[in-house]
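>>> Next one to model:
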Amino acid sequence: MVLFAICLWGLLAALYAGGIGGRLSPETLTPASAESLRADSVLASRFGAGDPHLVLLAEAPGSVDEPLAAKSGRDLTHTLAADPRTAWVRGYWPYRLQEFRSPDRRHALVLVRFRGDERAVRSAGDDAIARYTGTVGPLRVAAAGETAVLSETERLSKRGLLRAEIVTVPLVLLILLWTFRSAFVALIPMVVGILAVVTTTALLRLLTNVASVSVFALNVTTALGFGLAVDYSLLLVSRYREELARGNAPGPAMEAMVRTAGRAVGFSGATVAVALCTLLVFPLPLVRSVAYGGVLVVLASAVGALLLVPALLVLLGERVNRWDVFAWLRRRRSPEPHEVSKGGWFRLAEWVAKRPAAVTVGVLVLLVLLAAPSALTRFGLYGDKLLPESSPVTQTSRELRGAFETTTSGAPSVVLPGLSARRSAKSLDAYARRLSLVAGVRQVDTATGAYRGGRRSARATAQSARFSTDTDTDAWLSIVPTMKDALTPEGSRLAERIRRVPAPVPALVGGPGARLSDTEQALVDRLPLAVIFAACATALLLLAYTRSVLIPLKALLLNALSLMATFGILVAVFQEGWLGPRFGTPAVGVTDVIAPLMFSVAFGLSMDYEVFLLSRIVEEHHRGSPTSIAVATGLQHSGRLFTSAAVVFATVMASLALSDLLHLKVVGTGLAVAVLLDCTVIRAFLVPAVMQLAGQANWWLPKAWRAAPRARGDAARRAALQGR
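Predicted structure coming up:
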């Protein structure tokens, strides 16, 4: 009956999840209340201005001023302007504005802004790209800008997701076949993983009715859900088979599995979900989208494993140990449960226990060295750099930057609500002069003229009227920066310098650099709260699980060291490009501001493996074993388990690392490195060494807490363990 209900749910969820594609939102990092977005909104609504959604780069065989090229350019501009979805079009044609023509006269720009919300803009932009790029008369027209980047990102995300599923599923199945030594049992985690992913996708589609969900969130949560479902299934199935090997009948073995491994899965799921909930602290739409999906997929994985694994094990019955397809490759059998001291993990723990101080110092030095490159971190946004070099949008963006000294696309803008350009001309003139002196500003254009180096370099023209509203109640200024890429630390700092210049009325600064600055500030403001929340919540969960004060603190400290080392590796590989020539990861010069946020996921996974290990160590401690034996026995029982789980998860994450999109590469690589580092250096060496040094202090608990009544389930579990 349980299996029938689960199968019916899976079928309905799969049918409902199939329609999620058209409901996904563009990836937005900047907080909705940010000053930069308010500036952009005022520019669009009151002035019909703002950053263009689409940049069309037209290239002529000779000059864009040749008759046929000029006619094609004018026709293109007029056609775009006539579209009711277009808010405005600006470009070289028909007025031959010099700022939109390259010095060699072979390139010209057409900038387009569309009306409506994000979905309407995406739809109009996609249509324009399909209709107007390619050959237009003698012109070759290519697309760049926000809409082009988002459209290409979504296309590559979907392609990468399909490729990941095709590559990952067979690899994971092979790993499980080797780990479980049974074709029947190896299929259980696969079934649970598929059910978790389908369930999460269906829930995400339901969530799109009340919140935005991005393609990026779908990619990450799909990989995360599959990996976690496999992890939890591994823990449950391994414990069940261990109980059978002890001589227990299937019924008592199932009961012991649920009582021990089931409890660990519940605590692990709660810990990972709490870690992901910290992302909700940040007011960033994309980050919250990942948090929604992450919490849902953790719950789906844990609940799915707890419901489906027991039902499938009952269905398999005696076939649980049959069909080892790799039996011919195995050199020797694994130690039986009563032969714990003969296991490799037990011997490793004994080796560590003989020299805990040396191991601790050695591992700490290694982690510090790996973390050292993080001192070079320069936060920014990838922009079009997140696309591969082979992408037409990347090539067009590079060609645009090479052909034009500066472009109005992505330039900072300053809005002065309530300032009359006519009645307050002197104040506006003085403010523009001050802005033109700011480092990084090449020129300032506004209703009173153009300004350079603190002086007015050109008087107002007919075109200057666009810097004031028709009713002359508001004004704005356009900043031409000296830099070509605003999505860098320099662009962010320029926006901050502009904001510090005294304005005649409260000013709103917009543009990509200002959006980056607002995003960074939102992260900095909320980061302490997120760290405190994650640390306190996970520490309390581990305290309840282990009945120890020191073990949760140790877990937090060691996980923090592991994450710092992982971040250092990411900075070295992607920002600095130290391994670029060998692995095809050229230096991009910045670390995307979203990169640190993935460590909420990595932190949760580290706690996941911590629970795997602690569940067996605590169990042995409750049996009365000394700390050294409890640690060695716990590592022997769980080492192969969490290593296999980490390899499976790293394989799933590697599929993201092979994506064409840079931010998916960063997330996939970061999470794969984090789990592999955690299950080898941290769990295998540092945890046993630190626990050996702490000795009996590992189990210290204040008397007042020790006197608190424990759950009956805990007492029964301890009595059952001692009676074995």
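>>> Point to the residue nearest the middle of the protein.
M598 (4.8 Å; C-alpha atoms, centre = their mean).
>>> for the stretch 551-700 of the chain, what are the low-confidence residue spans?
Along the stretch 551-700 of the chain, segments meeting pLDDT under 70 span 579-590, 593-594, 596-597.
>>> Could I get the full set of strands for it?
For the stretch 551-700 of the chain, applying DSSP state E, counting those that start in this stretch gives strands covering 591-592.
>>> can you map out the helices along it?
580-583, 599-622, 627-657, 662-677, 687-694 (DSSP state H, counting those that start in this stretch).
>>> tilt between the second one and helix 662-677?
Taking axes from the mean of the first three to the mean of the last three C-alpha atoms, to 10 degrees, helix 599-622 and helix 662-677 form an angle of 20 degrees between their directions.
>>> Now helix 599-622 - C-alpha only, PDB.
Output of helix 599-622 as PDB, limited to C-alpha atoms (Å, rounded to 0.1, in the frame of the first residue of the first chain):
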ATOM      1  CA  PHE A 599      28.700  27.600   1.600                       C
ATOM      2  CA  SER A 600      25.400  27.400   3.400                       C
ATOM      3  CA  VAL A 601      24.900  24.300   1.300                       C
ATOM      4  CA  ALA A 602      28.400  23.100   1.900                       C
ATOM      5  CA  PHE A 603      28.000  23.800   5.700                       C
ATOM      6  CA  GLY A 604      24.900  21.700   5.800                       C
ATOM      7  CA  LEU A 605      26.600  18.900   3.900                       C
ATOM      8  CA  SER A 606      29.500  18.900   6.300                       C
ATOM      9  CA  MET A 607      27.100  18.600   9.200                       C
ATOM     10  CA  ASP A 608      25.400  15.800   7.200                       C
ATOM     11  CA  TYR A 609      28.600  13.800   7.200                       C
ATOM     12  CA  GLU A 610      29.300  14.800  10.800                       C
ATOM     13  CA  VAL A 611      26.000  13.200  11.900                       C
ATOM     14  CA  PHE A 612      26.900  10.100   9.900                       C
ATOM     15  CA  LEU A 613      30.100   9.700  11.900                       C
ATOM     16  CA  LEU A 614      28.800  10.900  15.300                       C
ATOM     17  CA  SER A 615      25.800   8.600  15.100                       C
ATOM     18  CA  ARG A 616      28.200   5.600  15.400                       C
ATOM     19  CA  ILE A 617      30.600   7.200  17.800                       C
ATOM     20  CA  VAL A 618      27.900   8.200  20.200                       C
ATOM     21  CA  GLU A 619      26.400   4.700  19.900                       C
ATOM     22  CA  GLU A 620      29.700   3.100  20.900                       C
ATOM     23  CA  HIS A 621      30.100   5.600  23.700                       C
ATOM     24  CA  HIS A 622      26.600   4.700  25.100                       C
END
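>>> S548 falls within a helix, correct?
No. S548 is assigned coil when assessed by DSSP: H, G, I helix; E, B strand; the rest coil, not a helix.
>>> So it is in contact with A697, correct?
No. Counting by C-beta atoms under 8 Å, S548 does not reach A697; the two are 9.1 Å apart. Bear in mind the C-beta positions are built from the backbone N, C-alpha and C, glycine included.
>>> When these two are compared, which one has more neighbours?
The neighbour comparison of S548 against A697 (other C-beta atoms under 10 Å) goes to S548, with 20 against 13.
>>> Spit out the contact partners of the more buried one.
698-701 (C-beta atoms under 8 Å, 6 or more residues apart in numbering).
>>> Buried ones from these, can you make that a PyMOL selection?
A single PyMOL command selects the buried members of these (16 or more other C-beta atoms under 10 Å):
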select buried, resi 698+699
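>>> For K158, what is the enclosing helix or strand?
Under the criterion DSSP states H and E, the helix or strand holding K158 is helix 146-180.
>>> other SSEs contacting that helix?
strand 54-59, helix 118-132, helix 183-207, helix 215-245, helix 392-403, helix 627-657 (3 or more C-beta pairs under 8 Å, 6 or more residues apart in numbering; DSSP states H and E).
>>> export those to a markdown table and tack on distance to R683?
Shown next, in a markdown table, are the helices and strands packed on helix 146-180 (distance: least, C-beta to C-beta, whole Å):
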| stretch | distance to R683 |
| --- | --- |
| strand 54-59 | 50 |
| helix 118-132 | 43 |
| helix 183-207 | 20 |
| helix 215-245 | 14 |
| helix 392-403 | 40 |
| helix 627-657 | 6 |
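>>> what's the closest of the ones you listed to A462?
A462 lies closest to strand 54-59 among those, at 24.5 Å (C-beta to C-beta).
>>> which strands and helices sit next to the closest one?
helix 67-82, strand 107-114, helix 118-132, strand 139-144, helix 146-180, helix 392-403.
>>> Paired strands for that strand, with orientation please.
strand 107-114 (antiparallel), strand 139-144 (antiparallel) (DSSP bridges).
>>> where does the stretch 351-500 of the chain dip in pLDDT?
380-384, 405-410.
>>> just so I know, which of the helices of the stretch 551-700 of the chain lies nearest L234?
In terms of C-beta to C-beta, the element of the helices of the stretch 551-700 of the chain nearest to L234 is helix 627-657, at 5.2 Å.
>>> list the helices and strands the closest one packs on?
Partner elements for helix 627-657 (3+ C-beta pairs under 8 Å, 6+ apart): helix 146-180, helix 215-245, helix 344-354, helix 599-622, helix 662-677, helix 687-694.
>>> Run the chain-centre distance for that helix.
23 Å (C-alpha atoms, centre = their mean, to the nearest Å).
>>> coming back round to it: would JSON lines of the helices and strands packed on helix 146-180 with distance to G294 and mean neighbour count be doable?
Output for the helices and strands packed on helix 146-180, formatted as JSON lines (distance: least, C-beta to C-beta, whole Å; neighbours: other C-beta atoms under 10 Å):
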{"stretch": "strand 54-59", "distance to G294": "33", "mean neighbour count": "26"}
{"stretch": "helix 118-132", "distance to G294": "22", "mean neighbour count": "17"}
{"stretch": "helix 183-207", "distance to G294": "9", "mean neighbour count": "23"}
{"stretch": "helix 215-245", "distance to G294": "6", "mean neighbour count": "26"}
{"stretch": "helix 392-403", "distance to G294": "29", "mean neighbour count": "18"}
{"stretch": "helix 627-657", "distance to G294": "14", "mean neighbour count": "24"}
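>>> what's the neighbour count on V172?
23.
>>> Same check on R38?
17.
>>> Same check on L364?
Neighbour tally, L364, other C-beta under 10 Å: 14.
>>> nearest spatial neighbour of it, skipping sequence neighbours?
L561 (7.2 Å; C-beta to C-beta, 6 or more residues apart in numbering).
>>> Identify whichever of the helices and strands packed on helix 627-657 lies nearest to G304.
Closest among these, using C-beta to C-beta: helix 215-245, at 6.2 Å.
>>> The closest one: what's the following helix or strand?
helix 250-257.
>>> how big is the angle separating the next helix or strand after that next one from helix 599-622?
In the C-terminal direction, the helix or strand that comes right after helix 250-257 (DSSP H and E) is helix 263-277. Helix 263-277 and helix 599-622 are oriented at 150 degrees to each other (the same axes, to 10 degrees).
>>> how about helix 263-277 as CSV, C-alpha atoms only?
C-alpha atoms of helix 263-277 as CSV (Å, rounded to 0.1, in the frame of the first residue of the first chain):
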residue,chain,number,x,y,z
ARG,A,263,17.2,8.9,13.7
ALA,A,264,20.4,10.0,12.1
VAL,A,265,18.7,10.7,8.8
GLY,A,266,16.1,12.8,10.7
PHE,A,267,18.7,14.9,12.5
SER,A,268,20.8,15.2,9.4
GLY,A,269,17.9,16.4,7.3
ALA,A,270,17.0,18.9,10.0
THR,A,271,20.6,20.2,10.2
VAL,A,272,21.0,20.7,6.4
ALA,A,273,17.5,22.3,6.2
VAL,A,274,18.4,24.7,9.0
ALA,A,275,21.7,25.6,7.3
LEU,A,276,19.9,26.4,4.1
CYS,A,277,17.3,28.5,5.9
